[in-house]
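A.B. asks: Structure of the sequence below:
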Amino acid sequence: MYSRFIAIHQFLDTVDPEIAVFFPSPSEIITVNNIISAREDLESVSKKLQEETCDLSDVRILFVELLENFLLYRRI
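C.D. replies: Numbering: from 1, shown residues only. Now for the predicted structure:
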């Protein structure tokens, strides 16, 4: 649902006072974008971990990169 909102929010009429109260603020939109990016990262790591060819060294690399990304999201 959030991904869909982000994709179409630039086309929505945010000036109309009847519906403007339902839209998130610009800072909330940034937060939603960060959450979507984090979810996509988690999903890709999850899929990689489920592969038969994934060994322990791959797991370590994936988790280190994932932690670095989450620390980056936390600073934003």
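
A.B. asks: which residues are contacting stretch 16-27?
C.D. replies: For stretch 16-27, the surrounding residues in contact (CB atoms under 8 Å, 6 or more residues apart in numbering) are H9, L12, D13, T14, V32. All C-beta spots, glycine's among them, are computed from the backbone N, C-alpha and C.

A.B. asks: what's the distance between that stretch and the middle of its chain?
C.D. replies: Distance of stretch 16-27 from its chain centroid, counting by CA atoms, centre = their mean, to the nearest Å, is 21 Å.

A.B. asks: V59 contacts L49, correct?
C.D. replies: Yes - the criterion here is CB atoms under 8 Å, and V59 meets it with L49 at 6.6 Å.

A.B. asks: among the contacts of stretch 16-27, which two are most distant?
C.D. replies: D13 and V32 (19.1 Å; CB to CB).

A.B. asks: more neighbours, those two?
C.D. replies: More neighbours surround V32 than the other of D13 and V32, with 16 against 9 (other CB atoms under 10 Å).

A.B. asks: Remind me which helix or strand the more buried one belongs to.
C.D. replies: helix 26-49 (DSSP states H and E).

A.B. asks: Could you check the pLDDT of T31?
C.D. replies: pLDDT recorded at T31 is 86.

A.B. asks: Around it, how many other residues sit close by?
C.D. replies: Look at T31: counted by other CB under 10 Å, it has 14 neighbours.
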